[in-house]
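> sequence and predicted model, in that order:
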Amino acid sequence: MPLVRSYVRSDGTPVRGHSRWAPGARRELTIVAAIGLAVLGFGNAHTADGSAGTRPTPSVTYPIRFDHADSKPRMAVPSPTVSYPIRFDRPTARQVKPGPSVSYSIDLSALGGGR
């Protein structure tokens with residue numbers, strides 16, 4: 001929506017600031033609103049006897065019980081996946097060497113600071 005600021009017409013009439021619809025926007029909004037109302041109307045349709053139609057029946061009975069399971073819980077015992085030992089090298093601490101942050105040399109005398 002374009003916003004029109006307040007102004008004075010050429011004949012001296014002051015006009016307050018206001019907003020106006022873009023060309024064709026009212027028609028488009030009316031069409032979108034009609035489609036939305038139609039979707040809501042058809043989505044909530046009831047049958048002639050007042051019920052909301054047929055609803056799916058659940059195929060599961062709750063609570064779910066596993067009858068084939070043992071009554072006492074079992075602990076999972078981990079087992080190795082390989083039969084040979086795997087040795088890992090221990091990393092040694094390395095000294096971090098400072099490096100230049102730029103790839104070119106900086107001439108401080110060219111800056112005019114007299115350093």
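In hand now; what should we look at?

> does the residue nearest the centre of the chain sit in a helix, a strand or a coil?
Nearest to the geometric centre of the chain sits Gly36, at 25.0 Å (CA atoms, centre = their mean). Counting by DSSP: H, G, I helix; E, B strand; the rest coil, the backbone at Gly36 sits in helix.

> got a pLDDT number for it?
pLDDT recorded at Gly36 is 92.

> what's the burial count for Gly112?
7 (other CB atoms under 10 Å). (Each C-beta comes from the backbone N, C-alpha and C, glycine too.)

> roughly how far apart are the residue nearest to Leu3 when sequence neighbours are not counted and Arg65?
Nearest non-adjacent residue to Leu3, counting by CB to CB, 6 or more residues apart in numbering: Ser19, 4.9 Å away. According to CB to CB, to the nearest Å, Ser19 stands 64 Å off from Arg65.
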